[in-house]
Structures are given as structure tokens and as C-alpha cells.
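[1] only the shape, not the letters, is given here:
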């Protein structure tokens with residue numbers, strides 16, 4: 001292993017906070033930097049570090065038996081997932097009248113990062129138009145409506161898995177099931 005690879009691995013190891021929420025990471029090695037670069041080139045911007053850390057340690061898995069989180073080098077590669085889910089998301093929600101202004105302002109920059117395989121809800125990353133920081137939203141397919149959350153992936157996971165989750169975001173069952 002090259003020194004650069006070792007530095008990349010240690011810099012993206014899951015934080016103590018993620019480990020306390022989800023247990024030890026299932027992936028022993030994060031995605032190669034080229035895989036992340038391909039995703040970020042398609043997006044036209046860099047993804048948040050906490051998201052990449054989370055996906056590198058726990059991606060290509062089902063969290064709590066239902067929340068599918070793709071990985072750049074997983075069975076359903078992240079870039080393919082993001083492209084397909086963005087198209088489906090924009091088609092399904094584009095005609096709604098009650099889309100929150102925070103989302104309409106950045107409609108073309110919204111990125112699906114996970115989905116609930118039982119009810120079709122989609123977890124989204126979107127850049128806040130004012131701060132340019134990534135935020136998390138959930139698009140509920142059955143309603144349809146949106147839940148916008150302050151903060152990024154780490155705050156989403158903290159609030160959803162450890163504390164009282166926002167309405168509609170409760171997960172039940174085992175913490176993590178990794179795709180084979």
C-alpha cells in the first residue's frame with residue numbers, strides 16, 4: 001500500500017460518532033479517490049466530508065433493514081444510483097406546487113444519496129442557496145411532501161438513529177445489513 005493510499009484510508013475512517021451509532025464499519029477500505037472524483041465531476045462540486053466518510057465505512061448496505069445507501073464501488077454504484085434516482089426524483093416531484101423554496105432554488109443540484117426500499121422515500125443532499133453548505137432533505141413518495149433538515153449527514157444520522165427522529169423517519173430492526 002502506498003503512503004498516499006494509507007493517508008486516504010485513515011483520513012476517511014469513520015468517526016467515533018458514526019461508530020457509536022452504527023457499530024464498526026463494514027468496509028475495510030474506502031472507495032478509491034478516482035471513484036469519488038467521478039461522482040464529484042458529474043455533480044460539479046465536492047461532496048461533504050461526513051457523507052464520504054459515512055459511505056466509505058457503511059455504503060452498499062441497508063441501514064435498519066430498509067435504508068439503502070450505495071457506495072461508489074458497490075453492487076449498485078453510487079454514480080449510477082445518483083443519475084437514475086435524480087431523473088426519477090425530478091420526474092416524480094417536478095410538477096408539485098408545494099416544493100419548498102430552499103429546494104426549488106437549487107433544483108438541478110439536488111442529489112439523491114439513499115432511498116427507503118420499502119416505501120420509496122428518497123434521502124437527498126442539497127446545497128443551501130445562502131450558505132452553500134450541504135443539507136439533508138427527505139422526499140416522501142406516498143404523501144408527496146418534503147422534510148428539510150438543518151445540517152448534513154452526521155446530524156441526520158444522529159437525529160434519526162440516536163435521538164427522537166423527525167416524523168416519518170423512524171427506523172426499526174437491526175442496525176445494518178450489508179449487501180453481498
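    Received it, and whenever you're ready, just let me know what you need. Note that the structure is a prediction, hence the values are computed from the model and not measured.

[2] hey, let's count contacts and neighbours off CA atoms from now on
    Noted.

[3] centroid residue for this protein?
    residue 113 (3.4 Å; C-alpha atoms, centre = their mean).

[4] neighbouring strands - and their directions - for the helix or strand encompassing that one?
    Element membership for residue 113, per DSSP states H and E: strand 111-116. Applying DSSP bridges, strand 111-116 is found paired with strand 67-69 (antiparallel), strand 122-127 (antiparallel).

[5] adding distance to residue 155, write the ones you listed out as a markdown table.
    A markdown table is the format used below for these (distance: least, C-alpha to C-alpha, whole Å):
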| stretch | distance to residue 155 |
| --- | --- |
| strand 67-69 | 16 |
| strand 122-127 | 13 |
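
[6] quick check: pLDDT value at residue 4.
    Per-residue confidence (pLDDT) for residue 4: 38.

[7] could you do residue 145 as well?
    88.

[8] tell me how far it lies from residue 98.
    8 Å (C-alpha to C-alpha, to the nearest Å).

[9] residue 121 is in contact with the residue nearest to the centre of the chain, correct?
    No: if you go by C-alpha atoms under 8 Å, residue 113 and residue 121 don't touch, sitting 11.2 Å apart.
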